[in-house]
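Undergrad: Give me a 3D structure for the following:
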Amino acid sequence: MNAWLPSFLRMALAGVLIAALGACGSLPPACERPAEFAASADPSTTLARIAAASTPPDEHSGFRLMPLGVYSLDARIQLAQRAQRSLVVQYYQLENDPVGRLLLRTLREAAMRGVKVRVLVDDLYTVKSQQLLLALSETPNVDVRLFNPFCCGRNGFLSRFAASPWEISRLNHRMHNKLFIADGVMAVVGGRNISEEYFVLNEAQNFIDMDALVVGKVVPQLESIFDAYWNSEQVWPIADIVTGDGGRKPTGADFDSWVGMAAPPPKVVLPPSDILGYGPISEELDAGRMGLLWGEARAVADPPTKPKTMTAEEAISTSVTMQVWGLLMDARTEVDLTSPYLVPGERGMEAFQDLARRKVKLTLLTNSLAANDEPLVHTGYARYREKLLKSGADLYELSPQRTTAGERFGMFGKSLGRLHAKTAAIDKRRIFIGSMNLDPRSASQNTEMGVVVDSPQLAREMLRVINISKLQNSYRLRLAKDTGTLEWLTNDGEKEMILTTEPESGFFKRFYNMLIAPIVPEMLL
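TA: Below you'll find the model as predicted:
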């Protein structure tokens, strides 16, 4: 997901609701609370001992890429089940669906073992999960907080905005971060939210995405980032914001009933290996030693106050987006980048063209119109396709049909396949993985985070995943030699197919996007 109001239709509807309701609310007065910080990792915990046993002398940080959704979900569950001291959980979206309930159930079980659990969720998509989160917060050792919460109208998405019409600027500022840390020694970072579709378990749509399991010196950096958000003025305890349905505060017993605590937990079915040849991490955790790829890493994140304490230009210039652009501009030979929402803007196009002038090979993978879950964002990207191709970029768009037909990223069944991974590989030696899209919202409005790693081995594995996506799941774009119009190419077996219209998209969808594209301001994408 990219933007809270990605279409003019939703904005118009919100305006109608605002006018109709005429309601105006505000957050309750903030209560002073002492700052909380993660304690130093305890070297005696099971996970700390495994991390130490897995770390070669003098290495900085270790990584395991997780392109397979069910492996990434299982990693979080396994870490939570083995945690003995602390769990920190930070997400843009945490849904009340089977995946969300499984994770929250595992967190409650950990807390009842004495593990200190801190959960921080952006408040945009909590309409269905807020009662579950409120009930979880009644568990001893559990603290749940909301980022930039809505004061009123909380039982509907649009009613939340309608209840605070004079706070649209504040409410447009969302926390897009994704982070999970166990005992201060093992973390999961990347692009996935906590919802079925991010782990290829949804019947309607599923995402190709990327996370990484992380150990080593970069983990305390990640925990410091979490603490900065946890203690920020943008964050509120959930009990200060959410009231129980019918005026009754939900209890731990309600939580247990909602997640089916009396029954055995649902099993996550895992294939024997993923596309990189790795097996489930539980086997290695049980053995007390993990095989990881190593490199020097640093965590990057926007401040939680972005953009409140900054001008628009300051927010952009200091953002994670600009830090990633800096990495791209340092490239000497090649850049391979995946972004589900790719709207480079004029400044980004100048940077891409500078890469071309320096003979740096640029490969971009993004969503096709058919694969994009925010079709209007596609209009912003489409404005730059011809420029990108003319500058020499290799451009690929994900095909839902080809993704569904393949099984390398999981069993999509009849669901719609989409791209959600935010990754970059630079010069086959440095990578970025995180939450940041290459679009205006990530640069100026949302907070983002990720890790930058210098590791040729890790870059090689990331490039392998990107290459599988672009060659087996995507269309390659080019400009026709005679007319200069766009063409989409795919090679299935021995036959090459050439398409001249947006593939896998019906006439009305193409017509609507063509009609609306000229009038959609790029800043709203």
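Undergrad: just the helices in the stretch 51-200 of the chain please.
TA: Listed in chain order, the helices of the stretch 51-200 of the chain (DSSP state H, counting those that start in this stretch) span residues 69-82, 98-112, 130-136, 157-162, 168-171.
Undergrad: Tell me the buried residues in the longest one?
TA: Taking 16 or more other C-beta atoms under 10 Å as the neighbour-count basis, helix 98-112 is seen to contain the buried residues 98-108, 110-111. (C-beta placed from N, C-alpha, C; glycine too.)
Undergrad: just so I have it, where are all the strands in the stretch 401-525 of the chain?
TA: 416-419, 423-426, 430-434, 449-454, 474-479, 486-492, 495-499 (DSSP state E, counting those that start in this stretch).
Undergrad: Would you confirm that R478 contacts T490?
TA: No: R478 lies out of contact with T490 (C-beta atoms under 8 Å); the separation is 11.8 Å.
Undergrad: With neighbour numbers in mind, choose between the two.
TA: T490 (19 against 14; other C-beta atoms under 10 Å).
Undergrad: list the contacts for the more buried one?
TA: S399, R402, S474, Y475, R476, E496, M497, L499 (C-beta atoms under 8 Å, 6 or more residues apart in numbering).
Undergrad: can you check T311 too?
TA: Counted by C-beta under 8 Å, 6+ apart, T311 has zero contacts.
Undergrad: can you redo the helices of the stretch 51-200 of the chain as TSV with distance to G25 and mean pLDDT?
TA: Compiled in TSV, the helices of the stretch 51-200 of the chain are given as follows (distance: least, C-beta to C-beta, whole Å; pLDDT from 0 to 100):
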stretch	distance to G25	mean pLDDT
helix 69-82	35	98
helix 98-112	27	98
helix 130-136	16	98
helix 157-162	10	91
helix 168-171	12	88
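Undergrad: Looking at the ones you listed, which is nearest to F147?
TA: helix 168-171 (11.3 Å; C-beta to C-beta).
Undergrad: Just give me the closest of the contacts of T490 to E223.
TA: S474 (36.3 Å).
Undergrad: Who does the closest residue to the closest one other than its chain neighbours form a beta bridge with?
TA: Nearest residue to S474, sequence neighbours excluded (C-beta to C-beta, 6 or more residues apart in numbering): Y396, at 4.2 Å. For Y396, the beta-bridge partners are L365, R476 (DSSP bridges).
Undergrad: Y396: neighbour count?
TA: Neighbours around Y396, by other C-beta under 10 Å: 24.
Undergrad: Please apply the same query to L499.
TA: L499: 13 neighbours (other C-beta under 10 Å).
Undergrad: so it makes contact with R476?
TA: No: at 10.9 Å, L499 and R476 do not qualify as touching, with contact defined as C-beta under 8 Å.
Undergrad: quick one on the thing from earlier: I'd guessed the residue nearest to S474 sits against N467; true?
TA: No: contact criterion C-beta under 8 Å: Y396 and N467 do not qualify, at 10.1 Å.
Undergrad: so where's the stretch 151-300 of the chain shaky on pLDDT?
TA: Residues of the stretch 151-300 of the chain meeting the criterion pLDDT under 70: none.
Undergrad: for it, what spans make up the strands?
TA: Counting by DSSP E, counting those that start in this stretch, the strands of the stretch 151-300 of the chain are 178-182, 186-190, 205-208, 211-216, 235-237, 293-301.
Undergrad: Among these, single out whichever gets nearest to T251.
TA: Nearest of these (C-beta to C-beta): strand 235-237, 17.0 Å.
Undergrad: And the closest one, what does it pack against?
TA: strand 142-147 (3 or more C-beta pairs under 8 Å, 6 or more residues apart in numbering; DSSP states H and E).
Undergrad: and the strand it packs on, which strands flank it?
TA: strand 116-122 (parallel), strand 235-237 (antiparallel).
Undergrad: related to what we said a few turns ago, would you write out the ChimeraX command that picks the buried residues out of the contacts of T490?
TA: In ChimeraX, selecting the buried portion of the contacts of T490, with burial taken from 16+ other C-beta under 10 Å, looks like this:
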select :399,402,474,475,476
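Undergrad: nearest to F226, of the contacts of T490?
TA: Among those, and counting by C-beta to C-beta, the member closest to F226 is S474, at 34.5 Å.
Undergrad: From K509, how far out is that closest one?
TA: As judged by C-beta to C-beta, to the nearest Å, S474 and K509 stand 19 Å apart.
Undergrad: same check, this time on S195
TA: 24 Å.
Undergrad: Between those two, which has more neighbouring residues?
TA: S195 (22 against 15).
Undergrad: Does A459 touch I433 like I think?
TA: No: taking C-beta under 8 Å as the definition, A459 is not a contact partner of I433, at 10.9 Å.
Undergrad: out of the two, which sits in the more crowded spot?
TA: A direct count of neighbours by other C-beta under 10 Å for A459 and I433 places I433 higher, at 27 against 22.
Undergrad: Just list whatever residues bridge to the more buried one.
TA: In beta-bridge terms (that is, DSSP bridges), I433 pairs with T423, V451.
Undergrad: what angle sits between the longest helix seen in the chain and strand 211-216?
TA: Counting by DSSP state H, the longest helix found in the chain is helix 456-472. Helix 456-472 and strand 211-216 are oriented at 180 degrees to each other (axes from the mean of the first three to the mean of the last three C-alpha atoms, to 10 degrees).
Undergrad: buried stuff in helix 456-472?
TA: Those would be L458, A459, E461, M462, L463, R464, V465, I466, I468, S469, K470, Q472, for helix 456-472 by 16+ other C-beta under 10 Å.
Undergrad: so who does the first one touch?
TA: Right, L458. F63, L65, L293, G295, I431.
Undergrad: Let's see that with 10 Å instead.
TA: 61-65, 212, 292-295, 297, 425, 429-431, 433 (C-beta atoms under 10 Å, 6 or more residues apart in numbering).
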